[in-house]
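Peer 1: can you look at this prediction? I've put the sequence above it.
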Amino acid sequence: MASTKADYQKVSIKYGIFVGIAHIVYFLLMGLLGLHDVVELSFLSGLFLIIGIIIAISKVKRLNNGNIRYFEGLGIGATVGVVSSVILAIFLGFYIGLFNATYLENLQASALFPKSISLLSLMLLTIIYGTIPGFFTAFIAMQWFKREGHTMTERI
């Protein structure tokens, strides 16, 4: 029982770090392509979160011989979401604070964010925007992964 808990925590943190790095790479790629003004494109990085959570849940299920507890799967989603969004929030804090303060101005001009958004509130929103979807993604994914007949034959 204790090893299962440790495995799910390790896997969740590992894939949270991977997803956080993917968010940063995507953000930098958008900057290189001059797409930071298109704020809506930043929401596509949610696909990284979905993929990371599904891979993490399947990995834990495989490590536990095809068994996974429902709440364990929900915890995986929330943990991957928190870890990845904290990494992204810290990166955004450094990026905006040190390199590109105009990015925050672009967000303020966007209809998706309030005009009075500060760097701290952007960082908090980033964490919230990663954690809640992480939990809901795991909730949806666990509808499939909780089934006994569901197996993952491929190694991820």
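Peer 2: Cool, got the structure.

Peer 1: and the next helix or strand past the top helix by length along the chain?
Peer 2: Secondary structure of the chain per DSSP state H: the longest helix is helix 2-32. Scanning the chain past helix 2-32 towards its C-terminal end, the next helix or strand to appear is helix 46-63 (assignment: DSSP states H and E).

Peer 1: counting contacts, what elements does that next one pack onto?
Peer 2: With contacts taken as 3 or more CB pairs under 8 Å, 6 or more residues apart in numbering; DSSP states H and E, helix 46-63 sits against helix 2-32, helix 70-94, helix 119-145. Bear in mind the C-beta positions are built from the backbone N, C-alpha and C, glycine included.

Peer 1: to Ala101, which of the ones you listed lies closest?
Peer 2: Ranking the helices and strands packed on helix 46-63 by their distance to Ala101 (criterion: CB to CB) puts helix 119-145 first, at 8.7 Å.

Peer 1: now do the buried residues in that closest one.
Peer 2: Along helix 119-145, the positions that meet the burial threshold by neighbour count (16 or more other CB atoms under 10 Å) are 122-123, 125-127, 129-131, 133-135, 137-138, 141-142, 145.

Peer 1: contacts for the helix or strand of the chain with the lowest mean pLDDT next, please.
Peer 2: Between all helices and strands in the chain, the lowest mean by mean pLDDT, DSSP states H and E belongs to helix 102-109, at a mean of 81. Helix 102-109 is touched from outside by 36-37, 39, 95-96, 113-119, 122, with contacts defined as CB atoms under 8 Å, 6 or more residues apart in numbering.
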